[in-house]
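A.B. asks: show me the folded form of this:
(2 chains)
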Amino acid sequence: MKIERPRGTRDFLPEEMEKRRTIERKLREIAESFGYREVSTPTFEHSELFKLKSGEGIVDEMYVFKDKSGRELALRPELTAPIIRFFVNECSNFPKPLRFYYFENCFRYERPQKGRYREFWQFGVELIGSDSYLADAEVIILADKMLKSLGIDYELHIGHVGILRNALSFLADKASKAMRLIDKRDEEGLENFLKEIGVKEETKQKIKAIMNLKGGREIIEDAKKLLDYDFSYLERLLDVLDSAGVVYTLNLGVARGLDYYTGVVFEFYSNDLGAQKQICGGGSYELAQLFGGIKTPATGFAIGFDRICELVDLKPEKKTKVVVVYFRGLEKKAFEVAENLRSSGLIAVVDVMERSLKKQLSYANDINADFAVIIGEEEVKKGEVSVKDLRSGEQFRIQTEMLPLLSSKR
RNA sequence: GCCCGGAUGGGGUAGCGGCUAUCCUCUGGGACUGUGGAUCCCAGGAGGCGGGUUCGAAUCCCGCUCCGGGCCCCA
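C.D. replies: As a prediction, the model looks like this:
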């Protein structure tokens, strides 16, 4: 019986891996150029960690299991919680701020569809220790730069949960539910909910107006008319983004309903994907004290790596590939020549099927090699090799020690 | 968890109740033990799984699994 790959997982062919690694490399370079350094946490954690962050309900969407000692563990569904846990455990007295980035696989037990898999990869950053608008500005600029550098067509929406919370503060413990409805753009649900708990018509209209505020920074003026709130944090942030050339839409309906978000929240959408069009999301939050640390502000984002891979069309840079073709009896010589080519930075492949010269050349052609280096008795006697350019078909003899020159010949 | 559509060699397909399951591609070998892409020859390899209907099932029915798309959810 044939074993199939588990639902929602993928195999990646060499071409796909080359593309993914190229994208990954770009993201790392940019993150590192901002002073972020890579961290890594375990693939599984106590399931409690994620329950604390997101509530009991998410257990259904996690891979939860018991180990042999009865510990309840979960494959990580995201990395913000593990990283803050890590911060609380090991780095709470490091110089602030901390700039961390990660690139890891995550697991969620959900129905797979386009752009959604049960094992998927997130590239994200966390900037820990600052509650300044400058921290939010930095991570937004960073995310924007990453996506831009990949040539992705996207929209950036920026919201602020502080503003919404202020507007909903009179609801007390019912505010969270309202936030969720706003985040979902469920206007009807919100309407019913507010009616149910007896909110005045006038207030209801006001909340709906705020939720639908969307546009350039001029909407702050509209918001000021609706709310008695200090918008200067947001205004200073937008000043920085404007001068950095970040294009955004202010959207006060971006709520990311969870309680630990504290201020600015943002999402990047692509118009070229199906139902799963969010490619990056983030914001400022406070989780450290939830995990037993001292209250520490943080801000960060996570990029849906698999989704951006679907959007990016790029050809990875290829090294020159050489197949060393040889006659029977010259295996050792062939291995030696291949090793020389490798030490000059080329890709060198040697037949390991003991095939005829003809088959070896045919294989070289099949794998898209640039050159075939042919080794025969005649050549060996003279300290030479024959080099065949597989594109043009032209062939020439060179001294063996000249082989490294092939790296520039392509 | 829900809805729609699908599943035939490694990949792409034909057959839609009746010979040894079609064709293309592919893979290995040979024609051709000093030269790739062409041609020819030989070989390899398939109806997702389980049950039912039938003299007979890849084909019809049911269940499951997996894939694609959407809903819900999306930390």
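
A.B. asks: every contact and neighbour count from this point should use C-alpha atoms.
C.D. replies: OK.

A.B. asks: scan chain A for its longest helix.
C.D. replies: helix A:14-33 (DSSP state H).

A.B. asks: chain center to that helix, what's the gap?
C.D. replies: Counting by CA atoms, centre = their mean, to the nearest Å, helix A:14-33 is centred 10 Å from the centre of its parent chain.

A.B. asks: any idea which helix or strand comes after that helix?
C.D. replies: Sequence-wise, the next helix or strand downstream of helix A:14-33 (DSSP states H and E) is strand A:37-38.

A.B. asks: after that next one, next one along is what?
C.D. replies: Scanning onward from strand A:37-38 (DSSP H and E), the first element met is strand A:44-46.

A.B. asks: sheet-wise, list the partners of that next one with their directions.
C.D. replies: strand A:72-75 (antiparallel) (DSSP bridges).

A.B. asks: so what secondary structure elements neighbour the helix or strand following the strand it pairs with?
C.D. replies: Downstream of strand A:72-75, the first helix or strand assigned by DSSP H and E is helix A:80-90. Applying 3 or more CA pairs under 8 Å, 6 or more residues apart in numbering; DSSP states H and E, one finds that helix A:80-90 contacts helix A:47-54.

A.B. asks: quick check, the helix it packs on touching RNA strand B?
C.D. replies: Yes - Helix A:47-54 is in contact with RNA strand B by CA under 7 Å from any atom of the strand, via A:50, A:53, A:54.

A.B. asks: can you check stretch A:15-23 too?
C.D. replies: No - taking CA under 7 Å from any atom of the strand as the criterion, stretch A:15-23 and RNA strand B are apart, separated by no less than 14.5 Å.

A.B. asks: buried ones in that stretch?
C.D. replies: A:18, A:19, A:20, A:23 (16 or more other CA atoms under 10 Å).

A.B. asks: Provide the contact partners of stretch A:137-146 at residue level.
C.D. replies: Outside stretch A:137-146, the residues that touch it by CA atoms under 8 Å, 6 or more residues apart in numbering are A:26-27, A:30-31, A:34, A:125, A:127, A:237-238, A:240-241, A:244, A:246, A:280, A:299-301.

A.B. asks: now do 6 Å
C.D. replies: residue A:237 (CA atoms under 6 Å, 6 or more residues apart in numbering).

A.B. asks: so for that stretch, what's the average pLDDT?
C.D. replies: Averaged across stretch A:137-146, pLDDT comes to 98.

A.B. asks: how far away is residue A:66 from residue A:368?
C.D. replies: Here the criterion is CA to CA, to the nearest Å. By it, residue A:66 lies 48 Å from residue A:368.

A.B. asks: tell me the average confidence for stretch A:26-40?
C.D. replies: 98.

A.B. asks: for the closest residue to RNA strand B within the stretch 51-200 of chain A, grab the count of nearby residues.
C.D. replies: Nearest residue of the stretch 51-200 of chain A to RNA strand B (CA to the nearest atom of the strand) works out as residue A:114 at 3.2 Å. When neighbours are counted by other CA atoms under 10 Å, residue A:114 registers 12.

A.B. asks: now the residue of the stretch 201-350 of chain A found nearest RNA strand B. Nearest residue, chain neighbours left out?
C.D. replies: Using CA to the nearest atom of the strand, the closest approach of the stretch 201-350 of chain A to RNA strand B is made by residue A:274 at 3.4 Å. Counting by CA to CA, 6 or more residues apart in numbering, residue A:114 is the residue found nearest to residue A:274 once chain neighbours are left out, at 6.6 Å.
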